[in-house]
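Engineer: Here you go, sequence then predicted model.
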Amino acid sequence: MLPTVADVLALDAVRRGNPRVVAGADRLDTRVRWVHVGEISDIANMLRGGELVLTTGVALPDEPDKLADYIADLASVGASGLVVELGRKFVRELPRVVVKAAEEHGLPLIVLARETPFVQITESVHARIIDIQLQELRASEQLHEVFTELSVEGASPAEVLGQVARFSGRPVLLENLAHQVLACDTAGRDTGTLLASWETRSRAVSPDERTAYDAASGWLITMVGARGQDWGRLILLSDGEPSPRDIVLAERAATTLALSRLLERHQESLERQAHGTIITGILTHAYADPEEAAARARAVGVPLTGRKLVSAVIRLTGPTDTALGEQAQLGELAEAGAAACRDAKLPALVGTLDQNHVGLLVPLPPRSTAEAALTALADRLRASYAGTFVLAAGSVVESIRDVRRSFLEAEQVADVAVRQPDGRPFYRLPDLRLRGLLHLLRDDARMQTFAERELGTLLAHDAQRNGDLTRILRIYLDAGRNKAVAAQKAHLSRPAFYDRLRRLERVLDTDLDDVESCLSLHVALLALESFRREAR
């Protein structure tokens with residue numbers, strides 16, 4: 001950043017001249033682009049603006065009107081200030097007309113009481129300006145390298161904003177055109193304070209230019225978009241007027257965000273990423289205070305405080321669309337879930353949790369039950385999404401602190417329901433009955449020992465002979481031990497099926513007409529299925 005007039009006055013080469021400000025003391029923050037020494041009265045014609053003019057005044061006119069015009073001309077071309085050395089033309093002080101004109105035009109006017117070699121002043125100021133320009137060039141090169149790498153790597157908005165906050169040391173936010181915060185880096189500031197009433201505050205700041213600084217709010221704003229279609233704004237909070245480096249930083253980050261979105265055509269939308277980040281942050285305790293999570297959710301239009309909360313998980317049940325890809329198919333499911341929530345007038349956080357699950361955190365409307373909200377959501381989702389899926393819900397909780405427990409329950413329910421869906425609009429833990437219990441106990445060594453004790457001999461027999469007796473047992477038990485129905489499902493004649501059952505009894509050393517034995521075997525088969533599904 002270029003030095004100010006005040007910075008120049010603090011240099012040793014200037015201080016030796018015993019400088020004194022006689023006009024424009026409130027304009028000493030004016031930037032100095034260059035220092036120009038000139039003794040002629042029409043020097044303004046040689047300036048481009050931003051110059052600090054040094055003169056002894058020996059060639060200046062004596063007429064008061066012409067002296068006033070001299071000051072006016074300097075101000076009109078944007079000179080940053082005028083330094084006059086006393087002792088040659090003006091012995092003790094400047095004419096009053098010069099001081100008055102400088103005050104009227106807002107031109108900083110400084111006198112040097114002692115004789116000072118101007119060359120020392122110019123060398124000192126120019127050395128500082130060149131040094132600053134070199135620093136800015138190096139910083140610009142560093143920005144270019146960092147954001148080029150982010151673009152190549154397809155960095156997320158959070159990663160891009162993290163770099164902006166690191167370079168600037170200030171909070172930075174990315175919002176959509178509806179003034180909902182898609183991502184933010186607070187740079188250590190309080191999140192709740194930063195995001196309080198965000199939409200209202202943001203709508204009040206609407207500059208005309210693509211990149212502009214709003215002094216009232218202290219925001220540096222740049223539009224984010226590509227191919228003539230803007231989709232968001234990047235906002236850098238500033239304590240004062242931003243430097244050229246801050247402007248370059250904001251615009252470079254906006255370009256990276258726009259490019260990343262072009263490369264993410266088959267990935268999640270930024271809104272889904274923002275929602276998923278908040279949900280993941282809650283589940284992993286990334287937020288030190290639940291109020292931070294609530295503030296971030298409010299910024300994307302989802303109120304979590306003062307509401308009962310229900311967590312839900314959507315999981316695909318059909319085969320993956322190979323043309324679309326697993327991740328893209330999951331992204332489409334997340335978008336469909338978000339659209340269903342909007343249609344049902346349920347503000348919700350909706351985002352992918354991992355490779356298999358789409359998560360929803362739904363604050364229940366006043367006087368609404370979880371059953372009514374989940375049914376409305378399921379109906380709209382099935383009407384708009386062509387694929388097959390299960391919707392599972394956890395328990396209703398009262399605060400953000402309990403959301404993680406509710407989500408874990410919803411994931412467990414989804415993992416069980418996806419194996420044998422029965423067409424319910426949604427599933428909850430009581431709906432799963434024995435399967436749900438076995439899924440919850442799938443990591444228990446005692447359950448694994450039980451399944452191995454019941455089925456180990458049969459599994460070893462099939463493995464050694466490439467047999468299918470385990471499948472026959474499952475068909476028989478699923479048919480309620482009805483041998484005629486089971487034979488039909490196995491596509492075998494009754495004699496052939498009866499022969500398989502006798503072989504099963506010999507291998508298992510048990511009586512398949514015994515109800516308790518069959519119950520034990522059925523539980524073991526369900527447990528085995530739970531183990532195998534978990535290992536996939």
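Structural biologist: That came through, no problem.

Engineer: CA only for contacts and neighbour counts going forward, please
Structural biologist: Fine.

Engineer: Test of understanding: give the bridge partners of the nearest residue to Val37 once chain neighbours are set aside.
Structural biologist: The shortest distance from Val37 to any non-neighbouring residue, by C-alpha to C-alpha, 6 or more residues apart in numbering, is to Leu54 (4.7 Å). Leu54 has these beta-bridge partners by DSSP bridges: Val37, Val83.

Engineer: Now for Leu54, how many residues are close by?
Structural biologist: Counted by other C-alpha atoms under 10 Å, the residues lying close to Leu54 total 21.

Engineer: Also the one 4 residues further on?
Structural biologist: The number of residues packed near Val58 is 15, by other C-alpha under 10 Å.

Engineer: Surely it touches Val84?
Structural biologist: No - using C-alpha atoms under 8 Å, Val58 is not in contact with Val84; the gap is 10.1 Å.

Engineer: shared neighbours of these two, anything?
Structural biologist: Overlap between the contact sets of Val58 and Val84, as judged by C-alpha atoms under 8 Å, 6 or more residues apart in numbering, is nil.

Engineer: residue contacts, the residue nearest to Val37?
Structural biologist: Applying C-alpha under 8 Å, 6+ apart, the residues near Leu54 are Val35, His36, Val37, Gly38, Leu82, Val83, Val84, Glu85, Phe118.

Engineer: State whether Ile235 is indeed within a strand.
Structural biologist: Yes - counting by DSSP: H, G, I helix; E, B strand; the rest coil, Ile235 is located in a strand.

Engineer: which residue sits closest to Ser406 in space, ignoring its chain neighbours?
Structural biologist: The spatial neighbour of Ser406 that comes closest, neighbours along the chain excluded (C-alpha to C-alpha, 6+ apart), is Gly394 at 4.6 Å.

Engineer: Is it correct that the one you found is in contact with Arg428?
Structural biologist: Yes - if you go by C-alpha under 8 Å, Gly394 and Arg428 touch, sitting 6.4 Å apart.

Engineer: who's more crowded, the two?
Structural biologist: Using other C-alpha under 10 Å as the criterion, Gly394 and Arg428 rank with Gly394 on top: 25 against 20.

Engineer: chain center to the host helix or strand of that one, what's the gap?
Structural biologist: Assigned by DSSP states H and E, Gly394 belongs to strand 389-397. Centre-to-centre, strand 389-397 and its host chain are 26 Å apart (C-alpha atoms, centre = their mean, to the nearest Å).

Engineer: who does that strand touch, helix- and strand-wise?
Structural biologist: Contacts defined by 3 or more C-alpha pairs under 8 Å, 6 or more residues apart in numbering; DSSP states H and E place strand 389-397 against strand 309-316, helix 403-417.

Engineer: and the residue sitting nearest the centre point of the chain, how far is that from Val172?
Structural biologist: Residue closest to the average C-alpha location in the chain (C-alpha atoms, centre = their mean): Ala183, at 2.8 Å. With distances taken as C-alpha to C-alpha, to the nearest Å, Ala183 is found 9 Å from Val172.
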